[in-house]
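*Asks:* from the sequence below, what's the structure:
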Amino acid sequence: MRAVEVIPKRKLSLVSGRSHPQLSEDIAAHLGVALVGANLREFANGEIHCRYEGSLRGSDVFIIQTHCGPVNDTLMEQLIMIDAAKRASAKRITAVVPYYGYSRQDRKATGREPITAKLVADMLQKAGAHRVVSVDLHSGQIQGFFDAPFDHLTAAPVLEAYLRDNVGSDIVVVAPDAGRVKVAERYSQHLGCDLALVHKTRPRGTVNYVEALHVVGDVEGRHCVLIDDMIDTAGTICAGAELLKAKGAKDIWAMATHALLSDPAIERLRSSPFSRVVVTNTLPIASDRVFEGLEILSVAAIIGDAIDAVFEDTSVSEIFGGENLA
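*Replies:* Below you'll find the predicted structure:
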């Protein structure tokens, strides 16, 4: 009997949820592919329905959905899209989550609390995701919540390039709290600049409130750039900016990957000492949330390159020179 070797034809299918269609379109344009229609709609009672256009059988399916508000709706929509792809006989399903919802609930800070970031991981895998891609997790340990492969991307190359083009190395990179020191140190090494730290405290039992106590490092008369993973209500980063101003900083910028900008963030940022706030488009920013001094950078190329690497079974970490680990 003659042996017959069959080389399967590989097919990439890129699908977008409804949370951030512009980012999905930018990623598709970078890859040179068309988005597959998912025909998402709601029934009268609010239940979500999905039916893909065309066959997904044997496809490498990438489902792009950032977990923006209302986060429960966008998360559920992605789970339904994953389930639909699984039942359509997709060969491999990758959940592309530019912003990972519930990422701050990654541990028990007090008794009788959930670890919701782990619950989200369980749901994505149970729905049928074989792999997950996300950008700048709030905590690197979330990768360990998955039994499936997890590709952790970072927006650092985009943010660093912006600093080189607009400031150069004559800055002080400032970590807004102790948890961001490792990330801020990496920026300072790449840019060849100084590093400082804001020591803060969060009074026990409070939510969305912090107190900045003092600054470690020389910031007087310097151009300071506070770097964080996200800006939600802007309490942490604005408290740090006020302290830097009190310590004599000449110019103060904020940089973050994820711009949640929950109320009262816009009001705080407008009245803060920041002359510029630089974020990426991992989350959609409505036109009424845009203010003077806000700069929005695209991470579509970074996500697109990672999707291409996963599809081609090449290294994702090489895109970042091995420095994409949290």
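*Asks:* end-to-end on stretch 104-120?
*Replies:* With Cα to Cα, to the nearest Å as the measure, stretch 104-120 spans 12 Å from end to end.
*Asks:* should've said stretch 51-60
*Replies:* End-to-end distance (Cα to Cα), stretch 51-60: 17 Å.
*Asks:* over to stretch 250-264?
*Replies:* 26 Å.
*Asks:* got it, and stretch 138-148?
*Replies:* End-to-end for stretch 138-148, by Cα to Cα: 19 Å.
*Asks:* give me the contacts around it.
*Replies:* 100, 103-104, 106-107, 117-118, 121-122, 124-125, 129-132, 137, 150, 152, 229-230, 325-326 (Cβ atoms under 8 Å, 6 or more residues apart in numbering). Placement of C-beta: from N, CA and C, glycine included.
*Asks:* and the contacts of stretch 30-39?
*Replies:* Applying Cβ under 8 Å, 6+ apart, the set of residues contacting stretch 30-39 is 12-17, 24-25, 28, 49-54, 56, 61, 81, 84, 300-301, 304-305, 307-308.
*Asks:* residue 286: how many residues sit nearby?
*Replies:* For residue 286, the count of nearby residues is 7 (other Cβ atoms under 10 Å).
*Asks:* now do residue 158
*Replies:* Residue 158, neighbours per other Cβ under 10 Å, totals 18.
*Asks:* what's the answer for residue 66, then?
*Replies:* Counted with other Cβ under 10 Å, residue 66 comes out at 25.
*Asks:* ok, residue 108 next?
*Replies:* Neighbour number of residue 108 under other Cβ under 10 Å is 10.
*Asks:* again with residue 214
*Replies:* Neighbourhood size, residue 214 [other Cβ under 10 Å]: 11.
*Asks:* for this structure, which segments count as helices?
*Replies:* When secondary structure is read from DSSP state H, the chain shows helices at 21-31, 71-87, 116-127, 156-166, 181-191, 235-246, 265-270, 300-311.
*Asks:* let me know which of the ones you listed is tucked in deepest.
*Replies:* Between the helices of the chain, helix 235-246 has the highest mean count of neighbours, a mean of 22, where neighbours are mean count of other Cβ atoms under 10 Å.
*Asks:* thinking again about what came up before, select only the buried ones of the contacts of stretch 138-148 in ChimeraX?
*Replies:* Selecting the buried subset of the contacts of stretch 138-148 in ChimeraX, with 16 or more other Cβ atoms under 10 Å as the burial test, is done by:
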select :100,103,106,117,118,121,124,125,129,130,131,132,137,150,152,229,230
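*Asks:* so where's the stretch 201-326 of the chain uncertain?
*Replies:* Scanning the stretch 201-326 of the chain for pLDDT under 70 picks out 201-212, 325-326.
*Asks:* beta partners of residue 64?
*Replies:* Taking DSSP bridges as the rule, residue 64 bridges to residue 16, residue 96.
*Asks:* number the chain from 154, please
*Replies:* Okay, using 154 as the starting number, the last item reads as residue 217.
*Asks:* count of neighbours near it?
*Replies:* 27.
*Asks:* same question for residue 193.
*Replies:* Per other Cβ under 10 Å, the neighbour tally for residue 193 reads 17.
*Asks:* residues touching residue 168, list them.
*Replies:* With contact taken as Cβ under 8 Å, 6+ apart, residue 168 is in contact with 188, 189, 191, 205, 214, 215, 216, 217, 234, 238.
*Asks:* quick one: pLDDT of it?
*Replies:* As predicted, residue 168 sits at a pLDDT of 98.
*Asks:* repeat for the one 4 residues further on
*Replies:* Per-residue pLDDT puts residue 172 at 98.
*Asks:* phi, psi for it please.
*Replies:* Main-chain torsions, residue 172, degrees, to the nearest 10: phi -70, psi -40.
*Asks:* any stretches of the stretch 204-353 of the chain with poor pLDDT?
*Replies:* 353.
*Asks:* again, 80 this time
*Replies:* Scanning the stretch 204-353 of the chain for pLDDT under 80 picks out 321-322, 353.
*Asks:* nothing else from me, thank you.
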